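A.B. asks: no sequence on this one, just coordinates:
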């Protein structure tokens with residue numbers, strides 16, 4: 001038995017929650033991985049995993065063994081990386097998950113710079129507003145906005161986005177332009193952004209001179225994907241709150257108009273997030289460093305471009 005290989009295979013099964021997903025990520029047959037772990041269990045004299053036809057669960061002994069051995073695996077890989085970093089360029093596949101408008105307006109336009117710097121790294125970009133499970137989906141990192149609620153993840157702050165409230169000119173001509181957030185309750189139609197996780201509508205948030213308001217009323221239409229959410233506003237279906245960088249082109253063309261500007265909510269933080277217990281490969285390390293280097297400036301530049309677009313529209 002190759003004990004180190006078996007330990008690595010066991011760790012991937014724990015992280016993926018599935019023999020099939022773990023075997024795929026290790027590029028080995030399912031039967032080979034299963035045999036490795038059976039030999040590891042026989043060597044240790046304990047059951048590490050409980051297997052049924054539907055799921056795999058970790059035993060108490062397995063959880064203890066995982067926590068102890070993953071520290072060793074990280075140390076070994078750090079040692080290998082320290083030697084490789086000086087002589088070998090980062091290479092291999094990265095799986096990155098990001099929301100729709102953030103991919104379109106922030107990450108993808110910046111990626112040519114990263115790909116030119118690291119030509120041997122391949123990126124599989126998963127674009128969805130639904131929060132991915134990094135462990136079971138075998139994702140290296142995600143870009144996420146808003147509060148973080150998982151202590152099993154490491155989060156690095158990469159910048160703050162600005163939320164704005166806007167609507168199509170045709171909508172404002174028909175329903176009027178509100179001057180205060182409370183006016184949204186008086187006959188206005190809202191296009192709510194729905195949580196991709198639970199389907200609940202996020203409230204419209206406003207802030208001015210320390211005063212905060214959350215407006216929660218029945219929406220005319222709800223959308224759970226950021227690009228379609230913006231498209232609904234451009235179609236005149238109602239008022240939306242969205243990221244300033246997502247609305248920039250629509251504001252510049254006049255397809256949308258910002259309203260309630262003095263009541264813009266507080267900055268919306270964005271983080272790059274990755275699993276706490278998984279080794280950070282050289283390719284992931286350089287990708288995270290690149291994100292921290294370039295994305296804050298790009299988010300800020302996108303916001304400034306939006307400000308110019310709003311100013312330009314108002315002068316027309």
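C.D. replies: All right, it came through fine. Just so it is clear, the structure is predicted and the values come from calculations on it, not from any experiment.
A.B. asks: list the contacts for the residue nearest to residue 215 when sequence neighbours are not counted?
C.D. replies: Leaving out its chain neighbours, the residue that sits closest to residue 215 by Cβ to Cβ, 6 or more residues apart in numbering is residue 204, at 4.2 Å. The C-beta positions use only the backbone N, C-alpha and C, and glycine is treated the same way. Contact partners of residue 204, counting by Cβ atoms under 8 Å, 6 or more residues apart in numbering, are 165, 181, 184, 190, 192, 214, 215, 216, 239, 241.
A.B. asks: is it true that the second one touches residue 215?
C.D. replies: Spelled out, that is residue 181. Yes. Counting by Cβ atoms under 8 Å, residue 215 is a contact partner of residue 181 at 5.6 Å.
A.B. asks: the more surrounded of those two?
C.D. replies: residue 181 (20 against 17; other Cβ atoms under 10 Å).
A.B. asks: give me the element the residue nearest to the more buried one when sequence neighbours are not counted is part of.
C.D. replies: Excluding the flanking residues, the one nearest residue 181 by Cβ to Cβ, 6+ apart is residue 206, at 4.4 Å. Using DSSP states H and E, residue 206 sits in strand 204-208.
A.B. asks: list the buried residues for that strand?
C.D. replies: Buried positions in strand 204-208, judged by neighbour count with 16 or more other Cβ atoms under 10 Å: 204, 205, 206, 207.
A.B. asks: residues near the residue lying closest to the last one once chain neighbours are set aside, how many?
C.D. replies: I take that to be residue 207. Closest residue in space to residue 207, ignoring its immediate chain neighbours: residue 265 at 4.9 Å, by Cβ to Cβ, 6+ apart. Using other Cβ under 10 Å, residue 265 is surrounded by 18 other residues.
A.B. asks: a helix runs through residue 219, doesn't it?
C.D. replies: No. Counting by DSSP: H, G, I helix; E, B strand; the rest coil, residue 219 is not found in a helix; it is coil.
A.B. asks: does the closest residue to it other than its chain neighbours count as helix, strand or coil?
C.D. replies: With sequence-adjacent residues excluded and distances taken as Cβ to Cβ, 6+ apart, residue 219 is closest to residue 192, at 3.7 Å. Look at residue 192: counting by three-state DSSP, its state is strand.
A.B. asks: show the contacting residues for residue 192.
C.D. replies: Shown in contact with residue 192 (Cβ under 8 Å, 6+ apart): 201, 202, 204, 219, 221, 222, 223.
A.B. asks: quick check: it vs residue 200, distance?
C.D. replies: 9 Å (Cβ to Cβ, to the nearest Å).
A.B. asks: follow-up on the earlier one: what residues do residue 181 and residue 215 have in common as contacts?
C.D. replies: 204, 206.
A.B. asks: under the pLDDT cut-off, which ranges of the stretch 1-150 of the chain? List them.
C.D. replies: For the stretch 1-150 of the chain, applying pLDDT under 70 flags the ranges 53, 78, 80-88, 135-136, 147-150.
A.B. asks: need the strands for it, in chain order.
C.D. replies: 49-51, 56-58, 92-98, 121-127, 141-145 (DSSP state E, counting those that start in this stretch).
A.B. asks: these: which one's closest to residue 14?
C.D. replies: strand 56-58 (5.5 Å; Cβ to Cβ).
A.B. asks: partner strands of the closest one, with direction?
C.D. replies: strand 49-51 (antiparallel) (DSSP bridges).
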